[in-house]
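*Asks:* my questions are about this predicted structure, shown below with the sequence.
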Amino acid sequence: MLKRDDWLDLARKLDWDFSYVEEREVFPEEISGSPWLTAETWKDWDEPYRTSYTEYVKNQSIKEASVHAVRDAVGKVEDFQKHDPSWINGLKLHAATLALAEFAAVVGNLRAARFGRDSAWRTTALLGALDELRHAQIPLLIMHELVRWDPQFDWTHKFFHTNNWIAIAGRHLVDELLITSDPMEFAVGTNFVFETGFTNLQFIGLSTMAHAAGDRMFEKMVKSIQTDEARHAQIGHPVLQKIIAHDPKRAQYLVDKWFWRNWLFFAVITGFSMDYLTPLKHRTQSFKEFMQEWVLDQFKRSLEEMGLALPWYWQQFLDAIDTYHHMVYASAYTYRATTWFNFALPGPEERTWLQEKYAKTWPLFDPIWEQITNRWRKSGPGVEWYTHGATPVTFCNLCQLVLCGGSPERNSAEVITRGARKYVFCSKPCRWIFESEPERYEHHKDVVMRILSGEAPGNLFELLRYFDLTPSIWGKDVAGGRYPWMQLSKG
């Protein structure tokens, strides 16, 4: 019997010559991506894991057994009921935005499994598709039993099927990144930028916090997913290197575009969890510290090794680490009834911690939370209140998130006119992406455009039904204002 190393490369690099069609017909540029290069140019493509299908199945079987064992031990409703309510709502946020996004990634990987330009790439992408299917199934399985305890967990499955404003932003990102991108853009935007630069490292940080919070189920879930992400994230590097060699301008554009697009959604999902929804005693680091330690250094090093420049907006990005997720969280807290999860009000100890972690910018945000705290003191515990009235907010015409760029002192919104329509953006990078590919984005209808066209109601309270929210489901303060520190300060 042949040893593994004697047959693996032959199997991975098995390809064929075309006798009655041209190579461009089998791999058209419109579907395979640009720059279009011959198969001969791609023949040196490789990735470090070099996994065979037999090895893949064996390893995944062990991982699955481990997840199910932990679920049987600590994944029951009564186990989750022991966790802090703030942490539970971080789970609702992550589970909803994760599950069906992973399923969308199945489509992107399958497109690469057919139209990737090297046989080894196609094989690795096929295993990646199987990975993503497993990643979709794990949170659906784990959170399903929790629905009977808390119906907000139902959004693990239904989130991307709704017209909720966060779901609209999520689909706008996911559909372009994972479903409609060609294999080359998918490899850069997903495998290189998102999985290598963000999610792979995000899962490390979140699993550490989950361990500190005593949530062994969530810890096991993200670790099990992360080990897969680490493997098929390796697709991105050799694809990007090939693009750099033949079209460096396009390579830089794809990296710049997808780093910013991924960053905005990542900041909301992970920034909320790390700085607001993880109980203070379980926080191992701030979102800013996490970004500096796990994302910035690694991503900068990867770009330097490949000869690419940092994105042109790098300083604006560094500034946004100190402000963006704080801006969105404060806005979302005020409009919390438009979400499917509950929000934690930062108390004196949390605000002191945030002041230590964000020394330069937190003084801009602390007065906001003091004002919100005073509003709770006036209403009294258990009396939900909303200060925004019945008027919806405005959304960025690129990322589809609320216009929360900049700081409380200076909003970074940008406005352009194209044809007879004005477009508003939360930042210069969002405007730049839109103007680089206007035909790709100009016809998308955000919440405001749906209201103006009559597709959605203009009154916010009626809009909640459009968002598929009811009083028993929509977001509230996690404690209903019943914070011990608030009672003490009031007395």
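*Replies:* That came through, no problem.
*Asks:* show me the contacts for residue 342.
*Replies:* 85, 89, 152, 336, 475-478 (C-beta atoms under 8 Å, 6 or more residues apart in numbering). In this view, the C-beta of every residue, glycine as well, is placed from N, C-alpha and C.
*Asks:* now residue 382, nearest residue through space, not along the chain?
*Replies:* residue 480 (4.9 Å; C-beta to C-beta, 6 or more residues apart in numbering).
*Asks:* can you flag the buried ones in the contacts of residue 342?
*Replies:* Buried subset of the contacts of residue 342 (neighbour count, 16 or more other C-beta atoms under 10 Å): 89, 152, 336, 475-478.
*Asks:* low-confidence stretches in the stretch 51-200 of the chain?
*Replies:* For the stretch 51-200 of the chain, the stretches with pLDDT under 70 are 200.
*Asks:* next, give phi and psi for residue 363.
*Replies:* Here is the backbone geometry of residue 363 (degrees, to the nearest 10): phi -50, psi -20.
*Asks:* any idea which element the nearest residue to it once chain neighbours are set aside lies in?
*Replies:* For residue 363, ignoring the flanking residues on the chain, the nearest one in space by C-beta to C-beta, 6+ apart is residue 355 at 7.6 Å. Assigned by DSSP states H and E, residue 355 belongs to helix 348-357.
*Asks:* what does residue 373 give?
*Replies:* In this assignment (DSSP H and E), residue 373 forms part of helix 362-379.
*Asks:* and residue 417, which of the three is it?
*Replies:* strand (DSSP: H, G, I helix; E, B strand; the rest coil).
*Asks:* and it, how far is that from residue 119?
*Replies:* 48 Å (C-beta to C-beta, to the nearest Å).
*Asks:* other residues contacting the helix or strand residue 56 falls within?
*Replies:* In this structure, residue 56 sits in helix 53-74 according to DSSP H and E. With C-beta under 8 Å, 6+ apart as the contact definition, helix 53-74 has outside contacts at 51, 127, 130, 134, 138, 141-142, 216-217, 220-221, 224, 227.
*Asks:* those residues into TSV, with extra columns for neighbour count and secondary structure?
*Replies:* Shown next, in TSV, are the contacts of helix 53-74 (neighbours: other C-beta atoms under 10 Å; DSSP: H, G, I helix; E, B strand; the rest coil):
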residue	neighbour count	secondary structure
51	17	coil
127	23	helix
130	19	helix
134	18	helix
138	23	helix
141	16	helix
142	23	helix
216	16	helix
217	20	helix
220	25	helix
221	29	helix
224	20	helix
227	15	helix
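*Asks:* can you tell me which of those is nearest residue 156?
*Replies:* residue 142 (8.5 Å; C-beta to C-beta).
*Asks:* these two touch, right, the closest one and residue 220?
*Replies:* No: if you go by C-beta atoms under 8 Å, residue 142 and residue 220 don't touch, sitting 9.4 Å apart.
*Asks:* possible to save the contacts of residue 342 as JSON lines with distance to residue 453 and secondary structure?
*Replies:* As requested, the contacts of residue 342 are exported to JSON lines (distance: C-beta to C-beta, whole Å; DSSP: H, G, I helix; E, B strand; the rest coil):
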{"residue": "85", "distance to residue 453": "39", "secondary structure": "helix"}
{"residue": "89", "distance to residue 453": "33", "secondary structure": "helix"}
{"residue": "152", "distance to residue 453": "30", "secondary structure": "helix"}
{"residue": "336", "distance to residue 453": "27", "secondary structure": "helix"}
{"residue": "475", "distance to residue 453": "27", "secondary structure": "coil"}
{"residue": "476", "distance to residue 453": "31", "secondary structure": "coil"}
{"residue": "477", "distance to residue 453": "34", "secondary structure": "strand"}
{"residue": "478", "distance to residue 453": "36", "secondary structure": "coil"}
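*Asks:* ok, so of these, who is nearest residue 369?
*Replies:* residue 477 (12.4 Å).
*Asks:* what sits against that closest one?
*Replies:* Residues counted as contacts of residue 477 (C-beta under 8 Å, 6+ apart) are 333, 336, 342-345, 376, 384.
*Asks:* number of residues surrounding residue 262?
*Replies:* 20 (other C-beta atoms under 10 Å).
*Asks:* which of the contacts of residue 477 are buried, as a ChimeraX select command?
*Replies:* Applying 16+ other C-beta under 10 Å to those, the buried members can be selected in ChimeraX as follows:
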select :333,336,342,343,344,345,376
